[in-house]
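[1] Here is my input; please provide its structure:
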Amino acid sequence: MQLNFSLNGGQDLEKALTRKARAADRDVKNIVRKHGAALNRKMVKNASFTKGYSTGATRRSIRMELTNGGLTVTVRPGTDYAMYVEFGTRFMASQSFVRPAFYSERMQFIDELRRLVR
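    Next comes the predicted model:
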């Protein structure tokens, strides 16, 4: 016994799937950019330090960078001593500005990605 199988409209199906994939890629990139920008704003806002000597250099150095074709965002301060401010030292208490911003934005980012794939 032999079965023959023929699919009509295969090219139309391929075009439709390609369109859907491009739209999903664009949507993911928009979500990454949106939440990267929100994380950047929150970090800058949190970097208004009240203790000790503050010049505002760390706040001004916070930058957002999109890489991997817009699928990866990096938000970070550019000063060499930012980690000491974030985590503190034995001589000074921490004044966290990265972690609170990250934790407040993290779930919103994940939830938006989940809604996209439902």
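[2] mind showing which ranges of the protein have poor pLDDT?
    Along the chain, segments meeting pLDDT under 70 span 1, 3-7.
[3] what about the strands in the protein?
    63-67, 72-76 (DSSP state E).
[4] Lys45 - nearest residue in space that isn't next to it in sequence?
    Ala101 (7.8 Å; Cβ to Cβ, 6 or more residues apart in numbering). All C-beta spots, glycine's among them, are computed from the backbone N, C-alpha and C.
[5] Correction: the previous question concerned Phe109.
    Nearest one to Phe109, counting by Cβ to Cβ, 6+ apart, is His35 at 4.2 Å.
[6] Leu66 is in contact with that neighbour, correct?
    No: His35 is beyond contact range of Leu66, at 11.6 Å (criterion: Cβ atoms under 8 Å).
[7] Can you pull the residues that touch both of these two?
    Val73 (Cβ atoms under 8 Å, 6 or more residues apart in numbering).
[8] Tell me which of the two has more neighbours.
    Per other Cβ atoms under 10 Å, whichever of His35 and Leu66 has more neighbours is His35, with 19 against 15.
[9] gap between that one and Ile110?
    Here His35 is placed at a distance of 9 Å from Ile110 (Cβ to Cβ, to the nearest Å).
[10] now the lengthiest helix in the chain and strand 63-67, what's the angle there?
    Longest among the helix segments of the chain by residue count, using DSSP state H, is helix 10-46. Helix 10-46 and strand 63-67 are oriented at 160 degrees to each other (axes from the mean of the first three to the mean of the last three Cα atoms, to 10 degrees).
[11] Report the buried residues of helix 10-46.
    28-29, 31-32, 35-36, 38-40, 42-44, 46 (16 or more other Cβ atoms under 10 Å).
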